Structures are given as structure tokens and as C-alpha cells.
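1. 3D model of this:
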Amino acid sequence: MNEGDLARRLHQAGRLADAEAAYRAALQRAPEDGALLRDLGVLLMQSRRLSDALVQFARIPLQHPAHPSSLVPRALCERDSGLPGDALASAGVAIAATPGDPLGWLLHGSLLVATGAIETAEASLRRCLHLAPGMAEAHHFLGECLQRQGRYREAIAEYQHVLRSKPQEALNIAQCAESLGDMALARRYYEHAVQAIPAHLHAHARLLHVLSLTCDFPARDALRRKLGLLLEQPLADGDRPEPFHLCYQQLAPATYRKALAHYAAQHRARIRPTNSALRRSGERIHIGYLSADFGNHAVGHLIQGLLRAHDRDGFRISAFSLATAPQAATPIVEHGIEAFFPLGGLSDTEAAALIAAQDVDVLFDLGGYTKGSRPSILALRPAGIQLGWLGFISPHEAPWLDALVFDDVVQPEDEDWLFSDHVVRLPSPLLPGTGPATIAPATRADFGLPEVGPVLASFNNTYKLSADLISAWAAILSACPDTHLAIYAPDHAREGLTTHWQVCGGDGSRLIFLDNIDRASNLARMRCCDLMLDAFDYSAGATAIDALAAGLPVLCSTGTSPVSRLSASINRFLELPDFIADSPADYIEKAIAIINRKDGLAQARQALLASPKRDELLDPRRTAREIEALCRGLLREEATP
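-> Residues are numbered from 1 along each chain as shown. Alright, predicted model coming up:
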């Protein structure tokens, strides 16, 4: 038996130290034996000596017959060494050299998924499955490709192939079901995931969000307590609950900060400057807006008027879209944006390089940690100044942002701030106005609302509702005869709402469920109501702006977090203190006083319409000028030695 054969036998037997010695002895006699170099490289990978392994792979002569078979392990080693570009190049050479090897296609496709090149990845993964139809990993990564493209039913079918051997795949199936709006299926698979991995924080947080959407308050509150306890334990590197699902769950600030920092850690390691360009005096300031939500989304509705309102003499405006599915972004382009860049099909590195090439002075991240956002792009620092604003109104613990943009009500300057993010404040509400609304004439009958008596309303997403809020609503209606409450609630939320309404002693005949309708119709429906009752834990944002544009007063309560103070900020700006409660009890008392006072609801509407600040609130130029002043100030600070 020669030394090479001995080394391979020792290797197969798991005697890695002896095998390594035998490989090196054999290579003393045949230093260019590509098969020996390849096998030694694989052994070193198994020993987690990745840099040593790469040295051996690099020594294999290109013309040696073993070179093609070394490319896949070499690419794996480069991937695990934090060299995704090198790994992708090696995988590309591998599929060209051995096109019949499904492992090469799998690796190529999975690396493309990791870098965000989704459409190209899909083709490689389908080629892999053509060669090896039962390969579970290929089904998983193809499911991920399809999910990122919004092809959720196709993604579920791919994930189902993997579920039996990998129970945690239930989490991906549940996320697709949630995106389809099938909350029963989503809950079933999130519960499956929680049972399969009892300490999995991400699965618990996703299930918590679905319980919030479906208004199963007892189950939601029990799971919230459990998740809070889990978050106090040491957190696993690969298990990061999404901050958006935690921001309204009333967690202790220290617990929430720990979860945010843990989530941000996956991006923090990538921080490095991509853009080193210096501003040239005399040029227009270049503002960029980065978002996945320039289409039919609350952020899209809020931002469109602002983009048109910027001063083009002093500012150049670009929009960078992260959407991976087709969006109605055309209105933004048509209304004066100098440049619109679709980034959805680019890797993080490519997207950051594209932004950097535009010499953006101030880049506003409108997504934060919401669906479709890509913090890793921002971690590459493609712009001179990077700010978080509008989409995720919460602490971030994100060192790639220079500041979060709030206002003095959403985050008061004199209040303790327990997070590492720097905060800058706009002088007026941080939410931009959407311009004067054109509202078609309508009657209550058009929307199935009662013709007689006061109609109170909630137009918030149901995840913002809570047990104490429903209890407050029941108390208000019990004290206000002939009053009805209309609640926007998808089918999946109605059973939970009805159940808790009955627990609170509410009269079911006075409860009206509203369907989702287009924004123009909803503005008309809002105008037919008398008073909007806002949520406690996560108040209305774009919805409050729409309500006030429709002439519908909003009663709110100040909470303890930025997301719970959005409508309080608006009412404070409008000089309407009677519509801001400081506790649930005060909220109930104020509502009853307005409703039962003679002509109280008419006076409330008149107070809103007569507010001298209402037109200013709704004018997009208000926020455009404040954003411009903020950018000028930050750039002056940066230029000061």
C-alpha cells in the first residue's frame, strides 16, 4: 500500500492527524499530485483550518485531472472563509468544467441566493434538480428563490419536499402562507416549527405576529410572556427574531435592545465604506431614498408627495428600489425623480456599489427592519451620511446609520433613551403629508354603515389591536347609546375580535366589520364616520394622516415607545390636546365626553377642520423643507474640521 492509499484509509477512518501526516509524506514524493492536494484540502476543511485548506487547493495544477473535482470543495472553503465572491467564481468554473455534477449547480445556486442574485440562482437550482430530483438542499434554496420573488405557492411546494427530513422548514412554509394571507395555515406551521425547535426565537416571534394579526389575545399574551423570558437567555448566533415583530409587543427596553443588537450583529461584521467621494461645493445636494415599498404601501403613499416637493434648485433626488416583484413605481418616476434605480435583482455588494457610484450625500433608509429591507447594503456604507426614517419608527441598534429621524413627541428629547442610536428630530411631525385629498361624495349606505347614530371607527391593521384596547372600546359603547363601532378586520381576525368583544360584555349588534378597499374609497368611508379610535401599542401613522385629510378626528393615547406616539405627535401639532389621552382610563373618559356632549362629534370635526395647522400638516412641502434643512445641517457638521 502506498502512502496516498494509506492516507485515504486513515482519512476514511476519521484518524485525521495520522491521515494528514500520511498525505504530507506522499506529497513529499509527488508535490503536484492534484488528487492528494485535493484530499488534503478536504481534510483541512474538516479540521476547520480553512486558510491552510485554500493553500492546498491553490497548488493543484490547472491541467491535472483532479482539478475539476477540487472546485466544489474549494468553493465551499472560500464560502466558509467569508469570501463569497471567490466562492462564486470557483463554483462558476466548476459547473463549466463538470456540467453533469449536481453539487456544483447546487453550490452555484445557493451562493447566488446568498448574494441576492435570485433569478440567476433559480436557473442553477433547477438545473441541479434536473440532474438530482430528490436533492433536499436544492429544493430548499429553490423555495427561497421563489419566496423572494413573491411566488409563495410554488415556494411552499418546494419546501414541502424538505419538511420530513428538516422539520424547521415549517418556518419557511408558514412565512409563505402568511404572505398569501392564509393565517390559519401560517399559524399551523409556525406552531409546528415551535414544537420542532422549542427554543427557536424567530419562530416564536413570527407566531406571535400571526396571533396578533388574528386577535387571539389570550394566546398572544401568553406567548409574549414566554418570548420575553427566552430573550433573557443567551441568544444563539443563527436565531434572530425580526425586530418588526417585537417593536409593538411591550417588551422591557433592555430586552428589546438585546434583541435588536443580536439581530444587527449579522450585518455589523460587513461594515466598511464603499463611498469615499467628497462633496464638491456648489453642487446640488444629492438625497437618495432606499425602500422596498415605493408602490402600493403606506410608505409609498407618504413618500410620493414629498419626492415631488423637494427643491430641485438645491437638491438632486434619487430613489433606490429594493422590490423583487413588479411594483407600481412609475408615478414616482413621472413626478420628477431625477433617477430611479431598481436594486431588487442585485446582490448586496452590487447594490451598494451602484448607490456609491451615484455619489449620494444623504441616504434615507425607509425600511429599517421591515419586510423587504436589506440592512447589509447599508452596512457597506454606500453613502456619506445614512439615516433611518419613516418605515421602522423604532430603535435600530444599527451602527451603519448615522442617526434615526424622529420628532420631539415621538421621542422626547428630555426622556431617557436607552439605545445606542443617535436621534435627530424634525421640528414638526415626522410623517409627511400626502397633499389635499380629492374625496368622492359618498353616503354611509355605500359602505354598509348605519344611517342613524354616531359611528366610531378603527382603520388600523389588526396586529396593532390589543385586549385592553377592545375592553376600552366596549366601555365607551356601553356608556354611549345608539353608537356603533366599525373596525377594519380581515376575515382571519373577526373570530378573535368577536370572542373578546363578548368577553368584555360588548353588544355584538353594534359591532361592524369593515373590508379592505382601495385608498380613495377608504378616504370616502372615513369621511362618513364620526371619530377614529386609535390603538394603544402601535398608533396610526399613514392611516391617521388619511383620516385627518378626510376630516375625521383621531382620538389617541400617548404610549411609552415611538410607535405608540405617532398620532399624538400629529394631534399635538394640530393643537388638539382634547384628542390626546394620557392613559386608557383617560381615553375612555375623553371619548365618552365627546360623544355624549350635545353636538360633541360635530364640534370635534369642526375643531379639526378649523385647526390653523391642518393645511400645513397635509402639505408635503412641510417635510421636504425640514428634510432639506436637516441634510444641510448634517453636511455642514461633517465638513467642519
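2. can you pull out the strands in the stretch 201-350 of the chain?
-> Along the stretch 201-350 of the chain, counting by DSSP state E, counting those that start in this stretch, strands occupy 285-291, 315-321, 339-342.
3. for the first one, which outside residues touch it?
-> Meaning strand 285-291. 279, 299-300, 303, 307, 310, 314-322, 355, 358-367, 377-378, 383, 391, 627-628, 631-632, 635 (CB atoms under 8 Å, 6 or more residues apart in numbering). Yep, even glycine has a C-beta here, placed from its N, CA and C like the rest.
4. what's the helix or strand for the residue positioned nearest the centre of the chain?
-> By CA atoms, centre = their mean, the chain has its centre lying nearest to residue 370, at 1.6 Å. Here residue 370 sits in a region with no helix or strand, counting by DSSP states H and E.
5. surely it and residue 244 touch.
-> Yes - if you go by CB atoms under 8 Å, residue 370 and residue 244 touch, sitting 5.2 Å apart.
6. mind checking pLDDT for residue 15?
-> On pLDDT, residue 15 comes in at 89.
7. contacts only, for the residue nearest to the centre of the chain.
-> Residues near residue 370 by CB under 8 Å, 6+ apart: 244, 292, 293, 391, 392.
8. from residue 293, how far out is it?
-> Per CB to CB, to the nearest Å, residue 370 is found 8 Å from residue 293.
9. same question, residue 369
-> Separation of residue 369 from residue 293 (CB to CB) stands at 13 Å.
10. swap in residue 540?
-> 17 Å.
11. just residue 525 next, same as before
-> When distance is defined by CB to CB, residue 525 is 23 Å away from residue 293.
12. go on, residue 212?
-> For residue 212, the distance to residue 293 - CB to CB - is 20 Å.
13. can you check residue 244 too?
-> According to CB to CB, residue 244 and residue 293 sit 13 Å apart.
14. neighbour-wise, which of these two wins?
-> Between residue 244 and residue 293, residue 293 has the larger neighbour count (other CB atoms under 10 Å), namely 25 against 20.
15. where does the more buried one land on pLDDT?
-> Looking at residue 293, its pLDDT is 89.
16. and what of residue 641?
-> Note on residue 641: pLDDT of 59.
17. same check, this time on residue 92
-> 89.
18. returning to what we had before: of the contacts of strand 285-291, which count as buried by neighbour count?
-> For the contacts of strand 285-291, a neighbour count by 16 or more other CB atoms under 10 Å gives the buried set as 299-300, 303, 307, 310, 315-322, 355, 358-367, 377-378, 383, 391, 627-628, 631, 635.
19. skipping its backbone neighbours, what lies nearest residue 398 in space?
-> Leaving aside its sequence neighbours, residue 398 sits nearest to residue 264 (CB to CB, 6 or more residues apart in numbering; 5.4 Å).
20. number of residues surrounding the one you found?
-> 21.
21. just the pLDDT at it, thanks.
-> Looking at residue 264, its pLDDT is 94.
22. mind listing what it touches?
-> Applying CB under 8 Å, 6+ apart, the residues contacting residue 264 are 375, 396, 397, 398, 399.
23. compare those and tell me which has the most neighbours.
-> Ranked by neighbour count under the definition other CB under 10 Å, the contacts of residue 264 are headed by residue 398 with 28 neighbours.
24. quick one: that residue from residue 265, how far?
-> Look at residue 398 and residue 265: by CB to CB, they are 11 Å apart.
25. which neighbours do these two share?
-> With CB under 8 Å, 6+ apart, residue 398 and residue 265 have no common neighbours.
26. all the helices of the stretch 501-641 of the chain, residue numbers only.
-> For the stretch 501-641 of the chain, the helices defined by DSSP state H, counting those that start in this stretch cover 519-527, 542-549, 566-573, 584-596, 600-610, 614-618, 620-639.
27. want to throw these into JSON lines with distance to residue 190?
-> Shown next, in JSON lines, are these (distance: least, CB to CB, whole Å):
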{"stretch": "helix 519-527", "distance to residue 190": "30"}
{"stretch": "helix 542-549", "distance to residue 190": "27"}
{"stretch": "helix 566-573", "distance to residue 190": "28"}
{"stretch": "helix 584-596", "distance to residue 190": "30"}
{"stretch": "helix 600-610", "distance to residue 190": "41"}
{"stretch": "helix 614-618", "distance to residue 190": "39"}
{"stretch": "helix 620-639", "distance to residue 190": "38"}
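28. now, of those, which is deepest in the fold?
-> helix 566-573 (a mean of 26; mean count of other CB atoms under 10 Å).
29. and that one, how far out from the chain middle?
-> The chain centroid and the centroid of helix 566-573 are separated by 25 Å under CA atoms, centre = their mean, to the nearest Å.
30. ok, and what's touching it?
-> Counting by CB under 8 Å, 6+ apart, 393, 407, 409-410, 428-431, 534, 539-541, 544-545, 548, 554, 556-558, 577, 579-580, 613, 617 sit against helix 566-573.
31. got it, and stretch 36-46?
-> Residues from elsewhere that reach stretch 36-46 (CB under 8 Å, 6+ apart): 4, 7-8, 11, 16, 19-20, 23-24, 26-27, 30, 50, 52-54, 56-57, 59-60, 66, 69-70, 73-74, 76-77, 80.
32. so which of those residues are in helices?
-> 4, 7-8, 11, 16, 19-20, 23-24, 26-27, 50, 52-54, 56-57, 69-70, 73-74, 76-77, 80 (DSSP state H).
33. need the buried ones from those residues selected in PyMOL.
-> Listed next is the PyMOL selection for buried residues among those, using 16+ other CB under 10 Å:
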select buried, resi 4+7+8+11+19+20+23+26+27+50+52+53+54+56+57+69+70+73+74+76+77
